[in-house]
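[1] quick one: sequence and predicted model below, then my questions.
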Amino acid sequence: MTKSEISQAIDSLCSKVAAELPEDVPVAIIGIRTRGEILARRILERLNNELPGREINFGILDITFYRDDLSRRTGVPLVKSTEIEFDIDDVWVLLVDDVLHTGRSIRAALDELHDFGRPGIVRLAVLVDRGGREMPICADYTGVKFTDIPDNERIQVRLQEKDGQEGAYIVKKKRDS
Amino acid sequence: MARKAPISSKRKETPESFCANQEVRVSEGFVWSRKDLLGLDELSPEEIVHILDTAESFREVSMRSIKKVPVMRGKVVALMFFEDSTRTRMSFELAAKRLSADPLIFTAKGSSVSKGESTLDTVKNIEAMGVDVFVIRHSQAGASHMVSKKTAASVVNAGDGSHEHPTQGLLDIFTMRQKLGRIAGLKVAIVGDIAHSRVARSNILGLKKLGAEVIVVGPPTLVPGAIKSMGCDICHNLDDVLGEVDVINMLRIQFERFGGGLFPSLREYYHLYGLDSDRLKKCKNNVLVMHPGPINRGVEITSSVADGPNSCILQQVTNGLAIRMAVLFLVTSGQNA
């Protein structure tokens, strides 16, 4: 995906979300570190522009402590903090990640979210859905959908804020990730 | 303060070439890969900062409504306390519980140690029950090193004799960084019984690696001259250093390790090395007063100082929990590496 395709994907995602954003309940956008957080910030910014005056909370999840593959990984990179500084009970939550693949990250994110309270409704937005699900999880808002990505390849999303460039690529999988 | 300290070959990581005031940062892509934490001596500056940074994330866990994460579910953490402890043991126990691990607690008192079972036999027998981490407190220096060579489980040193107490050193440094915003360039006084203090040793090792200056203060009988080889300055007069330091770490006199006779009286010790409000007035306004506990009030520190606004003694205890969660998490995850 090129820069402009990513931008278009986020645009269409935002307009769908804006149309379905509930009126009378508190709303929050929560991004999954690292690139889900960046995408979540962009979505928040667009929604704030499109819906001025609408209060939207923002949070970040680091799902490391909730992953199911920790014991299979070698070594630990730095774990960052989860930041949810608002009451999550009964909130309409938009969970944001960059790539939806096996669904295991989202499973972990849902578990972590529930340790903060009882959210009202949780919706999932992803930039790329590449298929290959291992858990019964699907996205409510999808930027782009691919169906024919082989298992030994993965989608690598690159975003300006973190990587200094913008794009999504198909790369050969390293053995560990 | 330039000094030519003889550096033993064992300690070649000590950053003599270290540029003062340069805070150590962990490079992107750094990965923790140790299965044990035996001391700060063996850690690189980057590894120390990695533990501190990881502890920041665990501090957040302790502020949630559900203060528990499932990251060590199904793991067993054996707390092997061959020597007495309040803070360290309870802190490790709570840390294990907050990580969803099962703590298994051993205290030498009331155990088969009284029947003559050796440390290693005790450990091997408990290991046979299926243990992932041993946390070991022992009166003999090197006890956890020895155990780590004989077990496949992770080993964390929770204090070995007068040698090291790495998690205490880490939580002290963590607290300094939290309160003062940096470590590099800080001037830290460690006051009291340096000779018998594993807390002093772990503090000195960690602080020097991260670029702080350390002055050890105490009577000549309690401050070995060889401590200079760790790169710190020695001073026998507390009043001389008060005005220049950012942190004062007061240590307890470890009577259990020498039985007395190294100074004339507690009263005289208090007079010369006790931190009271008069001495505190000579310090910088925002000086940080620390103490690893247990405190002997009226010996090394007065209540007015220990409970006063410059004291972060209880904050140290709170931070100890985050540090121990980080250490347990890292050593178990580093096991596969």
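    Yes, it's here. Numbering: from 1, shown residues only, chains lettered A, B, ... in the order given.
[2] contacts, neighbours, all on C-alpha from now
    OK.
[3] got the CA positions of the helix ranked longest in chain A in PDB?
    Ordering each helix of chain A by length in residues (DSSP state H) puts helix A:3-20 first. Listed next in PDB are the C-alpha coordinates belonging to helix A:3-20 (Å, rounded to 0.1, in the frame of the first residue of the first chain):
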ATOM      1  CA  LYS A   3       1.000   6.500   1.400                       C
ATOM      2  CA  SER A   4      -2.100   7.800  -0.300                       C
ATOM      3  CA  GLU A   5      -3.800   4.300  -0.200                       C
ATOM      4  CA  ILE A   6      -3.200   4.300   3.600                       C
ATOM      5  CA  SER A   7      -4.600   7.700   3.900                       C
ATOM      6  CA  GLN A   8      -7.700   6.800   1.800                       C
ATOM      7  CA  ALA A   9      -8.200   3.600   3.900                       C
ATOM      8  CA  ILE A  10      -8.100   5.700   7.100                       C
ATOM      9  CA  ASP A  11     -10.500   8.200   5.500                       C
ATOM     10  CA  SER A  12     -13.100   5.600   4.600                       C
ATOM     11  CA  LEU A  13     -12.700   3.900   8.000                       C
ATOM     12  CA  CYS A  14     -13.200   7.200   9.800                       C
ATOM     13  CA  SER A  15     -16.400   8.100   7.900                       C
ATOM     14  CA  LYS A  16     -17.900   4.700   8.700                       C
ATOM     15  CA  VAL A  17     -17.000   5.100  12.300                       C
ATOM     16  CA  ALA A  18     -18.300   8.600  12.400                       C
ATOM     17  CA  ALA A  19     -21.600   7.500  10.900                       C
ATOM     18  CA  GLU A  20     -22.100   4.800  13.600                       C
END
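[4] tell me which other helices or strands it touches.
    Judged by 3 or more Cα pairs under 8 Å, 6 or more residues apart in numbering or on different chains; DSSP states H and E, helix A:3-20 is in contact with helix A:35-50, strand A:121-129, strand A:141-145, strand A:167-172.
[5] quick one: secondary structure of B:Asn249?
    Put simply, B:Asn249 is strand when judged by DSSP: H, G, I helix; E, B strand; the rest coil.
[6] ok, now which ones touch it?
    B:188-191, B:289-292 (Cα atoms under 8 Å, 6 or more residues apart in numbering or on different chains).
[7] ok, which stretches of the stretch 201-337 of chain B are strands?
    B:213-217, B:233-235, B:247-250, B:288-290 (DSSP state E, counting those that start in this stretch).
[8] export those strands to a markdown table and tack on mean pLDDT?
    Formatted as a markdown table, those follow (pLDDT from 0 to 100):
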| stretch | mean pLDDT |
| --- | --- |
| strand B:213-217 | 97 |
| strand B:233-235 | 97 |
| strand B:247-250 | 98 |
| strand B:288-290 | 98 |
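[9] which one, of the ones you listed, ends up nearest to B:Ser311?
    strand B:288-290 (4.5 Å; Cα to Cα).
[10] chain center to the closest one: distance?
    15 Å (Cα atoms, centre = their mean, to the nearest Å).
[11] helices or strands up against that strand?
    Other elements packing on strand B:288-290 under the criterion 3+ Cα pairs under 8 Å, 6+ apart are strand B:247-250, helix B:313-334.
[12] other residues contacting that strand?
    Against strand B:288-290 from outside (Cα under 8 Å, 6+ apart): B:172, B:176, B:246-250, B:305-306, B:310-313, B:316.
[13] ranking the residues you listed by neighbours, who comes first?
    Neighbours here mean other Cα atoms under 10 Å in any protein chain shown. Within the contacts of strand B:288-290, the largest count is held by B:Asp172, at 29 neighbours.
[14] that one is in what secondary structure piece?
    Using DSSP states H and E, B:Asp172 sits within helix B:166-180.
[15] give me the contact list for that helix.
    The contact list for helix B:166-180 (Cα under 8 Å, 6+ apart) reads B:37-40, B:48, B:52, B:157-159, B:182-183, B:199-200, B:202-203, B:206-207, B:247, B:288, B:290, B:292, B:315-316, B:319-320, B:323-324, B:327.
[16] for stretch B:117-134, same thing?
    By Cα under 8 Å, 6+ apart, stretch B:117-134 touches B:75-80, B:113, B:147, B:151, B:153-156, B:328, B:332.
[17] quick check: end-to-end length of that stretch?
    18 Å (Cα to Cα, to the nearest Å).
[18] in that stretch, which residues are buried?
    Using 16 or more other Cα atoms under 10 Å in any protein chain shown as the test for burial, stretch B:117-134 gives B:119, B:122-123, B:126-127, B:131-134.
[19] for that stretch, what is the distance to the chain centroid?
    Relative to the centre of its chain, stretch B:117-134 is centred 24 Å away, using Cα atoms, centre = their mean.
[20] then stretch B:34-51?
    With Cα atoms, centre = their mean, you get 12 Å for stretch B:34-51.
[21] out of the helices and strands packed on helix A:3-20, which gets nearest to B:Trp32?
    Closest among those, using Cα to Cα: helix A:35-50, at 22.2 Å.
[22] for that closest one, which outside residues touch it?
    Contacts to helix A:35-50, defined as Cα under 8 Å, 6+ apart, come from residues A:10, A:14, A:18, A:29-31, A:54, A:56, A:58, A:60, A:96-98, A:157, A:159, A:161-162.
[23] can we see that at 7 Å?
    In this structure, residues lying in contact with helix A:35-50 by Cα atoms under 7 Å, 6 or more residues apart in numbering or on different chains are A:14, A:18, A:29-31, A:60, A:96-98.
[24] could you check the angle strand A:121-129 makes with it?
    Angle, helix A:35-50 to strand A:121-129, by axes from the mean of the first three to the mean of the last three Cα atoms, to 10 degrees: 110 degrees.
[25] past helix A:35-50, which element shows up next along the chain?
    Downstream of helix A:35-50 (by DSSP H and E), the next one is strand A:56-61.
[26] now do that following strand against helix A:35-50, angle only.
    180 degrees.
[27] partners of the following helix or strand past strand A:56-61 in the sheet?
    Remark: after strand A:56-61, the chain's next helix or strand is strand A:92-100, criterion DSSP H and E. Strand A:92-100 has the following strand partners under DSSP bridges: strand A:27-32 (parallel), strand A:121-129 (parallel).
[28] whichever helix or strand comes after strand A:92-100 and chain B, are they touching?
    Stepping forward along the backbone from strand A:92-100, the first helix or strand reached (DSSP H and E) is helix A:104-114. No. If you take Cα under 7 Å from any Cα of the partner chain as the test, helix A:104-114 misses chain B, and the best it gets is 8.0 Å.
[29] in helix A:104-114, what's buried?
    A:104-113.
[30] how about stretch B:102-115?
    B:102-104, B:106-108.
[31] all set now, cheers.
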